[in-house]
Each structure stands twice: as C-alpha cells, then as structure tokens.
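> give me a 3D structure for the following:
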Amino acid sequence: MTFELTGHEHRVSVVNHREGLECDPRACGDAYSCGECKFTVHVKCAFVFQLNDIFEHPSHDGHCLKLLTTGTPDHTNPKCHLCGKNTKRLLHHCSTCRVNLHIDCMLDSFVALYGEKFTWHTHPLFKIDLGDKMGCAVCGVHFYKGYFCYRCRCFLVVHGKCTSLIESPEITHPCHAKHSLKLLTEGAPDYTDPKCHLCGEDTGKFIYHCDICKFNLDLVCATEKPPPAYLSNLKVHEHTVTLMARLISFDCDACGKKGDRAPYVCVQCDFMIHLKCANLPRVIHVNHHDHRVSYKYPLGLGLGEWRCGVCWEEIDWSYGAYSCSLCPGYALHSLCATRGDVWDGKELDGVPEEFEDIEPFKWNDDNTITHFTHEHNLMSIGKDGEERNLCGACVRPIGSYTFFKCSESECSFMLHETCANLPKKKRHFLSPLPLSLHLQTNHEKETCKACHQVCCEGFIYSAHHEYYLTFDLICSSITVPFIHGSHDHHLLYIKLPNGQVTTCQNCGMDEKEVVIGCKKCDYFLDFRCASLPLTVTLPRYDDHPLTLCYGDEKASDKYWCDICERETNPKTWFYTCKDCGVTLHVFCVVGDIRYAKPQGKISDNVELLANNSSSRPLCNTCRCRCTGLFILKANLEGKNVLFCSYYCLRLSLGYRDEKCPPWAIESNTYFNLIFQNLLRTS
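This next block holds a predicted model:
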C-alpha cells in the first residue's frame, strides 16, 4: 500500500526501521520509503513535510525556504549555514541566496519563534497536521487528517483537546488529599498497578502519581471527570455513600460482580458498590419482557432458583437485581438489564405507564373483522383447504388452517388466523426499542437485519434505533432460551462486540453482528440457519413433507440431491423425505428469498418467476441450472436476464463485497465450487 507524502513528488510505502534514514536517528519505528528516489524518512519525522515552504523564518526572513529531499543543489555549499555541519538529503534551501539549513537548525529556530509553552513540558510545542499515522501520547487515539495537534522536537505528540486535561506538573486531588500527585509522562512505574486506581482503565503515558502511596490516576479521573467523593440520592441505596480510593477487593452489592478498586461504601449498612453501579436506574423497560422491571436490593428468596431472563444464569438473591412485580418468577441481573442492546436508556421512575393499543384487529360482528393493515373488512373462514392461496402476512399456503378472507370479491387478500393475531407492537431481544408491524407492498424490498435474507412481501417488524432495523416474522418470533434440535443445550441471543467474528456451526459462514448460541460449548448458529423450517412441503417435487436433518458425522456413503442431481454432504444439514429416503440441499429446498410469490417483484425491474417447469433455465451469473423456488428475471439495459438467486443477481450488478451465502458452503457439492470460484474472481 502506498501513501501520498505532502512535499514529496512520489508516493511512498511504510517499511520497517533500518539504518541510513535521512532524519533524526532517535525516532525509532516504521518509516516511509520512496521506491523512485530511494528516499526514506521515519514516520515520526515525516511532519517536516508539512513545513514544505517557509516564508518567515527567524534565520532567513524575506525569501522562501523550500524543503528538498535530494540533497543540496549543485554549485552550493553542502554545509548548514547555521551549525556548519554537513546536510543530508533532507534540508531546507533558499534558491535566491543559495542558503542551506539543516532540519534540526530550522526546527529549533522555528519552534523558538512559533512554539507554545506549557507548564507540564520542558520544551515548547508547535501546532501541525500529522495526518493519520500518529497516536496521541495522552489518550492513544490516532489523529485525523486535517486536524492540528501539538508536536515537540522530542517526539511528544498530543491532541489539542488533550492539552487541557494536563493542568500542571503537580496537583492536589480530592480523592487523594493527603499527598500531592505529580505528572509522569512515561507511564506508570513498575512497582505500581499500571491501571488507574479509580476507574481501572489503562493510564497510558501521562498519569498523575503519588510515589508514597503508589497511587495512579489517569488524566480523565484526575482533571476531566473526577469521580465525586460522596454520592447521595441514589436509586440503589437510601444513604450517602463514600468513595474509598484504594485497591481493595470487594463484591458489589448492586450487581453481584467482584471489584478490585475504589468502591463506594456505606459503613452503617456494610454496603459496597462499583462506581458504574451507583447510577443504576430504578424502573426500566427491557426488550426481553413485556412489563416494566424495577431494581430491588436484595432480590430476596423466590419461589425457586432465580435465573436471569437475559443470560439465563443463576442470580444470587442476596444482591441487587431487577424483577417484575406482575410476573413473580421473572428477574434479571443488574448489568444484563442495563446493557445497551437490552435497555433503551430511559429511566421510568415516576413516569406514568401508558398502555398502547397493540390489538391488530377489531371484531365488527361474529363473522367479520377490521385489520389495521387492510382497507376492507375480512371474513372468518373455517378450514376448507385453500392450498393454492397464500397468506398476506407470512406468504405461505393457507392450507387447512382457519383464516380470514377479504369480503370484497375483487380482492384476494387472506390472513391465517394466527398471522391476523400478530400484535401491532412487541418487545423483542433483537431491538432495544419496541418493534412495529407493517405490511410490505409489492414494490418494497426489505432485508432482515438478523438473517440477512430479502423479504419481498408480507408482514415485517421494524424499529428506528441508531438506524433503521427490520426483522422478518420468523426471526422476530424466536424466543430465548431457544431450543434447537442440533444442540443438546438451550441457545441464547448473542450480540457480538464490534470487531468480533464467530462462525456458524452449520454453514461455516462468519457472522459479525448477531447469533444464537451456547457459549459453554462454543456452539453458534447464524439466524438464517437457526430459522430454517423443520418441515417443508414442495408441491413441484413431492407431496410428502421434507424434514431438516442436522447431519451424520459417521456417514460414509455418497448421497445425491434429487433436485439438482449433484452430490450432497451428509455431514452437513440437508432435507430428507422419510418415506422416499431422498436427500436434498438446503438451498434447493428453501432458496435465498423469503416471503415471496410468483409474479412478485424485488424492484421495478426484477420479477420473480415460479421455477416449476420441466426444464430449468441457466443462471446468467454462475451458468448453472436454476434450482431454487424462484427464478429472478431482471431487465438490465433493455434485456431480460435470468438468475438462480438473489446472490447471483447482486454479483451481476457489481456488488462484489457480497459474502457467499450459507447454502453455497456445502463441501463436495457443486455449489461450493461455483460460489467459491465466484468470490475468488470478484
């Protein structure tokens, strides 16, 4: 990878430190190297390129001093006109006077004139833009290109905002009033705990330190947000608590977790809590439960063993926790209840509870209803075997279930009775905010945030959080603990931290957002695999129900898919008919588009066709026979083009960052060869 270096005509690349650099030998670390002119400079020294043209220099005022990277020009004295030392390839030069200035001499004079003095540092600092390759010595965060920072000749680099955190070389702090604290700029001494003794965060290079008590404070706790010495009017305790600014092991009474430093203490109650637990709210709404929950200390003995409604681990009743007054057996750990993906951040203590109307329809008489998603009245119909008609909510055959049918003869809208009863709003673990139900139109296309599959029609739940979230009916109906036939233990919802990736046990695909899993066994499923239907009926193939099988590790025989006529891997998931003994690929049965019907549309120029003819067409992308439930017909540049899947359509439109879908990752099948080849060539 190459970079532009301001002031240098060629692009440079980052290399490891080596001898012969054209800058200060004290600046260890990586360097920029130019392959064109063989010029190399430390990353830490590259800031001199920001001083490319200098018009006002105290040693040479009136003419422009230009930065050169190729040494002194011919017919000029190669020595510096200030210090008399030989200049290297990196120097400043005046073409009018033929004056050369060594970089060190130029900087010393420049800093003396324009540098700013701070009480906490012996040298003056000057403002400069360092791009994005350097980190602040105070907070450790890298700089952004275009933002100025403070730089010292001794290679100290500090954000402008971080200079305000450093008050002086010595301070008196209310949390350690008996001794003053001195500023250290090389990190915590070896004989102390290197983390801040109050918040437990890494102190970095800049800390305030007491060598008598071996006490360390980071700059945030020392100056920006010092923790208060006393806390009153807490939601979790009735008395004032006092900060004990020491390294001491304790059990937090509010959350039940262990702490190793700086608890807040109530002596008369023998009560100790973390700083972060001192501000726990009293009444909140969580997305794992329909009712409000309230903080209670201690939780107390229950009817049986208390288990957290989020992590499903045991709750020690002698500590604080959240419980529901309407559901006697429901409780949550304090830290589980207040997680960002569980709680919406609103404190409801003293806020009157509003009961929303979540009923999706109203009865007009004994036979008709008015549903909020449809403009006409719907009539209640008994079981009459409407096999070919599809439910407007789940887009599945009405079958032999009780359903509602539109009273208007020209309208074919139908709803299963169970789908008609889906609430307008619901709380679900997938979103900290309540989910709202709405009906997609034929021209809408939503992608479920959990399983990443496209939904063309039917009902969908959505919420406006930090961004717009949508979830299909299957994912939003999953409850935890989730019982799945592929694993002996119950599975829980897991939201993965930023940067963490886990692998689905079935399809082998990496997931970086949300999974269903068992942490004890390191067993995880992505939502697409976890929500696969257990039984499926394919009228185009057979009238017998197909059953999802979770693979046979001991299988050694070869099996073939009856739809695509290619080999299947019996050690991975597949569908089978118990009556006929056939095996089928997961994709050949369910495809990669949910909630769709023939003649439906993904967009204005992409139509869905039923794949029920005797000869299956070729996909325009992978050049294989279309085997899924639908064929995608897209009008691209005036021509109708066919695709076997939404994935192949996306690839043809230039979305080369698409990840290979789960149904394509089946070892020893032609799907694996096709799609892995597509990824390599994209």
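> and the chain, what are its domains?
Listed by automatic domain parsing, the domain ranges of the chain are 2-111, 167-224, 230-273, 361-420, 425-477, 492-530, 535-681.
> distance between the ends of the shortest one?
What it means is domain 492-530. Criterion C-alpha to C-alpha, to the nearest Å; first-to-last residue distance in domain 492-530 is 11 Å.
> in stretch 98-113, what counts as buried?
Buried residues in stretch 98-113, counted by 16 or more other C-beta atoms under 10 Å: 99, 100, 101, 102, 103, 105, 106, 107, 108, 109, 110, 111. In short, each C-beta sits where N, CA and C put it, glycine included.
> just how off-centre is that stretch within its chain?
Distance, stretch centre to chain centre, for stretch 98-113: 48 Å (C-alpha atoms, centre = their mean, to the nearest Å).
> same deal with stretch 197-217?
On C-alpha atoms, centre = their mean, the centre of stretch 197-217 falls 31 Å from that of its chain.
> could I have the CA atoms of that stretch written out in PDB?
Output of stretch 197-217 as PDB, limited to C-alpha atoms (Å, rounded to 0.1, in the frame of the first residue of the first chain):
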ATOM      1  CA  HIS A 197      -6.700   3.200  40.700                       C
ATOM      2  CA  LEU A 198     -10.200   4.700  40.400                       C
ATOM      3  CA  CYS A 199     -11.700   3.600  37.100                       C
ATOM      4  CA  GLY A 200      -9.400   0.700  36.200                       C
ATOM      5  CA  GLU A 201      -8.700   1.900  32.700                       C
ATOM      6  CA  ASP A 202      -5.200   1.900  31.200                       C
ATOM      7  CA  THR A 203      -3.400   5.000  32.200                       C
ATOM      8  CA  GLY A 204      -1.200   5.400  29.100                       C
ATOM      9  CA  LYS A 205       1.900   7.500  29.100                       C
ATOM     10  CA  PHE A 206       0.500  10.500  31.000                       C
ATOM     11  CA  ILE A 207      -0.600   9.900  34.600                       C
ATOM     12  CA  TYR A 208      -0.700  11.600  38.000                       C
ATOM     13  CA  HIS A 209       1.200   9.600  40.600                       C
ATOM     14  CA  CYS A 210       1.900   9.500  44.300                       C
ATOM     15  CA  ASP A 211       5.100   7.700  45.000                       C
ATOM     16  CA  ILE A 212       4.400   7.500  48.700                       C
ATOM     17  CA  CYS A 213       1.100   5.600  48.300                       C
ATOM     18  CA  LYS A 214       1.900   4.100  44.900                       C
ATOM     19  CA  PHE A 215      -1.300   5.700  43.700                       C
ATOM     20  CA  ASN A 216      -2.000   6.300  40.000                       C
ATOM     21  CA  LEU A 217      -4.700   8.400  38.300                       C
END
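> pLDDT on it, on average?
Mean per-residue pLDDT for stretch 197-217: 88.
> and residue 319, which of the domains of the chain is closest to it?
Evaluated over the domains of the chain, closeness to residue 319 peaks at domain 230-273, with 3.7 Å, by C-beta to C-beta.
> what about the closest one, how long is it end to end?
Across domain 230-273, first to last residue, C-alpha to C-alpha, it's 13 Å.
> cool, and stretch 569-585?
Stretch 569-585 has an end-to-end distance of 9 Å (C-alpha to C-alpha).
> so for it, what gets flagged as buried?
Result for stretch 569-585 [16+ other C-beta under 10 Å]: buried residues 569-577, 582-585.
> among the buried residues of stretch 98-113, name the ones in strands.
Among those, DSSP state E puts 99, 100, 101, 102 in strands.
> nearest residue to the middle of the protein?
With distances taken as C-alpha atoms, centre = their mean, residue 498 lies nearest the centre of the chain, 4.0 Å away.
> doesn't it fall inside a helix?
No: counting by DSSP: H, G, I helix; E, B strand; the rest coil, residue 498 is not part of a helix but coil.
> I'd like the next helix or strand past the host helix or strand of residue 322.
According to DSSP states H and E, residue 322 maps onto strand 321-323. The helix or strand immediately downstream of strand 321-323 is strand 331-333, counting by DSSP H and E.
> other SSEs contacting that next one?
Packing partners of strand 331-333 (3 or more C-beta pairs under 8 Å, 6 or more residues apart in numbering; DSSP states H and E): strand 321-323.
> re the thing from before, I'd like the ones in strands among the buried residues of stretch 98-113 as JSON lines, with distance to residue 379 and pLDDT appended.
As requested, these are exported to JSON lines (distance: C-beta to C-beta, whole Å; pLDDT from 0 to 100):
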{"residue": "99", "distance to residue 379": "97", "pLDDT": "82"}
{"residue": "100", "distance to residue 379": "95", "pLDDT": "82"}
{"residue": "101", "distance to residue 379": "92", "pLDDT": "79"}
{"residue": "102", "distance to residue 379": "93", "pLDDT": "76"}
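> against residue 434, how distant is residue 464?
10 Å (C-beta to C-beta, to the nearest Å).
> and those two? Which one has more around it.
residue 434 (18 against 10; other C-beta atoms under 10 Å).
> residues in contact with the more buried one?
Residues in contact with residue 434, defined by C-beta atoms under 8 Å, 6 or more residues apart in numbering, are 287, 425, 426, 427, 463.
> by neighbours, which of these wins?
If you rank the contacts of residue 434 by neighbour count (other C-beta under 10 Å), residue 287 sits at the top with 23 neighbours.
> low pLDDT regions in the stretch 501-650 of the chain?
539-542, 553-555 (pLDDT under 70).
> and the helices in it?
In the stretch 501-650 of the chain, the segments counted as helices under DSSP state H, counting those that start in this stretch are 527-530, 586-590, 646-652.
> same check, this time on the chain
103-114, 219, 334-337, 417-420, 527-530, 586-590, 646-652, 670-681 (DSSP state H).
> how far is the second one from where the chain is centred?
Helix 219 sits 28 Å away from the centroid of its parent chain (C-alpha atoms, centre = their mean).
> now do the contacts for residue 237.
Contacts for residue 237 (C-beta under 8 Å, 6+ apart) come out as 254, 266, 269, 271, 273, 297.
> can you turn the buried part of the residues you listed into a PyMOL selection?
Entered in PyMOL, the line below selects the buried ones among the contacts of residue 237, by 16+ other C-beta under 10 Å:
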select buried, resi 254+266+271+273+297
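> dump the contacts of residue 237 to a markdown table, plus distance to residue 377 and pLDDT.
Below are the contacts of residue 237 laid out as a markdown table (distance: C-beta to C-beta, whole Å; pLDDT from 0 to 100):
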| residue | distance to residue 377 | pLDDT |
| --- | --- | --- |
| 254 | 54 | 94 |
| 266 | 63 | 94 |
| 269 | 62 | 92 |
| 271 | 61 | 95 |
| 273 | 58 | 95 |
| 297 | 53 | 93 |
